[in-house]
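> kindly return the folded structure for what I paste below:
(one chain, ligands or ions: 1)
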Amino acid sequence: MRRWRTVIGLEVHAQVLSARKAFCFCPTTPSEANSNTCAICLGEAGSLPVLNLDAVRVALRAAAALRCSSISETLEFDRKSYSYPDLPKGYQITQRRKGLGAGGCVEFEAEGVLRRVGLEGAHFEEDSAKTTYRGDAIDVDYNRCGRALVEIVTLPELESGSEAAACAREIQRVLRRAGASEARFEEGSMRVDVNVSVRDDDHLRPKVEVKNLNSLRAVRAACDYEARRQAEIYDAGGVVAQETRSWDGGETVRSRAKGGAEVYRYAPEPDLPPRPLESLVGRSVADHVDALRREIEPHIPAAVRARLRKRLDPLAAAGLVDADDYGRTARVAFFDACVAHGAKPKPTAAWILGDVAGALRKLEFDTIADSNLSPVDLAELLALLDQGTVSRRAAKDLLPDLLQRRTSSSVEDLVFERGLARISDVAALRQFAREALDAHPNELAAYHAGKKNLEKLFIGKALAASGGRADPVLMRDVVRDCLLQAS
Ligand SMILES: [Zn+2]
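Here you go, the predicted model:
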């Protein structure tokens, strides 16, 4: 049996954030099927495309965020001709000869390993209509037809389904943080095609495209399935057919749409002559891209992770960044603000990822920013914990109050108002210890009969009796003392 290695490249299609479509004035707001259409996006004879300059500017943000190494000085469009009901005019306006940007890279972590995958580039094009099969009939919704897309193509450098999914996830994060796309699989604003092939020592076999994957899980599973399928065919002495396939949730199947080896007959788009990009951005392209990079780069996940790793272990750094999809409002910014208020980085990250996240979930807040917890609050709470003024349990108990708080009193005041301060007063501790002993006469007898490890039980019960507020070290001494006296 030969050993096959998997080779995968991604084509990510993401809808550009824009109020109207790419080449007409139809709105992009969700509405009843086939209500957002006009002569242009329906391709009626004699209609002419009108380029949506805003959409191009937004797509440029994606190219800058993906570190495309060269941004094109001119905007050029091409026609990709094919016949299918999702494109009424018989061709798609795309960028074949020259995209918005060439080169670039994505950095991500797959199974704990840092990976860097190169990009072929990013280009601007229009979306096709949404088609749904019902038996042999097709439902077509032209609301999507003509929406602005940015297509991002990676080099075939991915080696497994899980790497492909991690890479797609990272592209999703970058697009969101660049403000270029919502990039939501579930709403169809992000779709992924994968090119899968296998190689043995001799050479790379031809690739098969699996189109329209609409979740990360589908990306992972379809890549793994397809690589296995191809390897099995070659091992059996067969030839893998050149065709477009789709994922049905369990296996890849020959696509019903667009048979495979189409001839697209690309040609320069005659209705949109080349235009200098400079005229769109109002300054030199290089200056514009530099400014975009300065603005966006600090928010790009790979950059944020690298910065946080200087203060946190990689897992905590990744935890803060990865759960911070829309970036600027939630976890990382909150963490930074806590640290700026004097909180220690490691416990702050642990609290944000652990107890705070748990309390947010319980109270049904989507993000920290939606709650009333401020970075000053958390920094103050962690300082009180550090000084021993509150126990961990009491600090945790106070969290729901802080998330929903309406008062401006300090956290320390709240601790005392709620009676959550740590109890170090020996007389009070003795009271709790006595309660614990009195409530468990059988265990006490067993302890005196020699079961000395019951001491732990009494300490636990006494701490519980104090509502977790007792100083645990002092409590241990007090319980021991009481046990001696009781003998
Ligand atoms: Zn239209």
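> only C-alpha atoms for contact and neighbour calcs from this point on.
Fine.
> mind exporting the C-alpha coordinates of stretch 194-208 to PDB?
Listed in PDB are the C-alpha atoms of stretch 194-208, where the atom choice follows Å, rounded to 0.1, in the frame of the first residue of the first chain:
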ATOM      1  CA  VAL A 194     -11.800  23.000  -1.400                       C
ATOM      2  CA  ASN A 195      -9.400  21.600  -3.900                       C
ATOM      3  CA  VAL A 196      -8.300  18.200  -2.700                       C
ATOM      4  CA  SER A 197      -5.600  16.000  -4.200                       C
ATOM      5  CA  VAL A 198      -3.200  13.400  -2.900                       C
ATOM      6  CA  ARG A 199       0.400  12.800  -3.600                       C
ATOM      7  CA  ASP A 200       2.800  10.000  -3.200                       C
ATOM      8  CA  ASP A 201       6.600  10.200  -3.500                       C
ATOM      9  CA  ASP A 202       6.400  10.400  -7.200                       C
ATOM     10  CA  HIS A 203       4.000  13.200  -8.000                       C
ATOM     11  CA  LEU A 204       0.900  15.200  -7.200                       C
ATOM     12  CA  ARG A 205      -2.300  13.800  -8.600                       C
ATOM     13  CA  PRO A 206      -4.900  16.000 -10.200                       C
ATOM     14  CA  LYS A 207      -7.200  17.900  -7.800                       C
ATOM     15  CA  VAL A 208     -10.900  17.500  -7.300                       C
END
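> show me what counts as buried in that stretch.
In terms of neighbour count (16 or more other Cα atoms under 10 Å), stretch 194-208 has its buried residues at 194, 195, 196, 197, 198, 199, 205, 207, 208.
> grab the nearest non-local neighbour of the fifth one.
The spatially closest residue to residue 198, leaving aside those adjacent along the chain, is residue 6, at 4.6 Å (Cα to Cα, 6 or more residues apart in numbering).
> check the gap between that neighbour and residue 106 for me.
As judged by Cα to Cα, to the nearest Å, residue 6 and residue 106 stand 19 Å apart.
> where does residue 220 sit: helix, strand or coil?
Three states are possible here, and by DSSP: H, G, I helix; E, B strand; the rest coil the one that applies to residue 220 is helix.
> ok, it to residue 150 distance?
With the distance defined as Cα to Cα, residue 220 ends up 22 Å from residue 150.
> the two - which one has more neighbours?
Neighbours were counted for residue 220 and for residue 150 using other Cα atoms under 10 Å; residue 150 has more, 30 against 20.
> so the more buried one is in which element?
Secondary structure assigned from DSSP states H and E places residue 150 in strand 148-154.
> list the buried ones in that strand?
Going by 16+ other Cα under 10 Å, strand 148-154 has these buried residues: 148, 149, 150, 151, 152, 153, 154.
> and the helices in the stretch 151-300 of the chain?
Under the criterion DSSP state H, counting those that start in this stretch, the stretch 151-300 of the chain carries helices at the ranges 161-177, 216-235, 278-281, 285-296.
> could you dump these to CSV with mean pLDDT and distance to residue 311?
As requested, the helices of the stretch 151-300 of the chain are exported to CSV (pLDDT from 0 to 100; distance: least, Cα to Cα, whole Å):
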stretch, mean pLDDT, distance to residue 311
helix 161-177, 94, 22
helix 216-235, 96, 30
helix 278-281, 93, 38
helix 285-296, 95, 22
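> select, out of these, the one closest to the ion.
Judged by Cα to the ion, the one of the helices of the stretch 151-300 of the chain that comes nearest to the ion is helix 278-281, at 21.7 Å.
> what residues does the stretch 301-450 of the chain put near the ion?
Taking Cα under 5 Å from the ion, no part of the stretch 301-450 of the chain reaches the ion.
> so where's the stretch 301-450 of the chain uncertain?
Low-confidence regions of the stretch 301-450 of the chain, defined by pLDDT under 70, span residues 324-329.
> pretty sure the residue nearest to residue 198 is in a helix, no?
No: if the criterion is three-state DSSP, then residue 6 is strand and not within a helix.
> can you give me the neighbour number for it?
By other Cα under 10 Å, 24 other residues sit near residue 6.
> pLDDT at it, what is it?
Among the per-residue scores, residue 6 holds a pLDDT of 96.
> give me the distance between it and the ion.
Distance of residue 6 to the ion, computed by Cα to the ion, to the nearest Å: 41 Å.
> which ones are touching that residue?
Counting by Cα atoms under 8 Å, 6 or more residues apart in numbering, residue 6 makes contact with 158, 159, 160, 196, 197, 198, 199, 227.
> what do you get if the cut-off is 7 Å, keeping everything else the same?
Listed by Cα atoms under 7 Å, 6 or more residues apart in numbering, the contact partners of residue 6 are 159, 160, 197, 198, 199, 227.
> now, which of those sits nearest residue 270?
Within the contacts of residue 6, proximity to residue 270 (Cα to Cα) peaks at residue 197, which comes in at 36.0 Å.
> the closest one contacts residue 228, correct?
No: counting by Cα atoms under 7 Å, no contact exists between residue 197 and residue 228, whose distance comes to 9.8 Å.
> a helix runs through residue 133, doesn't it?
No: residue assignment for residue 133, taken from three-state DSSP, gives strand, which places it outside any helix.
> would you mind confirming that it makes contact with residue 85?
No: the pair residue 133 and residue 85 does not pass the contact test of Cα under 7 Å, sitting 11.8 Å apart.
> who's more crowded, the two?
Relative neighbour count places residue 85 above the other of residue 133 and residue 85, with 17 against 10, counting by other Cα under 10 Å.
> does the more buried one count as helix, strand or coil?
Three states are possible here, and by three-state DSSP the one that applies to residue 85 is coil.
> separation between the residue nearest to residue 198 and residue 380?
51 Å.
> what's the answer for residue 157, then?
Distance, residue 157 to residue 380, by Cα to Cα: 47 Å.
> please name the nearest non-neighbouring residue to residue 204.
Among residues not flanking residue 204 along the chain, residue 198 sits closest, at 6.2 Å (Cα to Cα, 6+ apart).
> now do residue 42
Using Cα to Cα, 6+ apart, the closest residue to residue 42 is residue 88 (5.7 Å).
> so what's the residue count around the one you found?
Number of residues near residue 88 (other Cα under 10 Å) recorded here: 18.
> over to residue 114?
Burial of residue 114 is recorded as 10 neighbouring residues (other Cα under 10 Å).
> tell me the SS of it?
Residue 114 ends up strand, using three-state DSSP.
> got a list of what it touches?
Here residue 114 is in contact with residue 108 (criterion: Cα under 7 Å, 6+ apart).
> residue 71 now?
Contacts were defined as Cα under 7 Å, 6+ apart; by that measure residue 71 touches 100, 101, 102.
> got it, and residue 399?
When contacts are counted by Cα under 7 Å, 6+ apart, residue 399 touches residue 359.
> any idea which element it lies in?
Assignment of secondary structure by DSSP H and E places residue 399 within helix 392-403.
> many thanks, have a good one.
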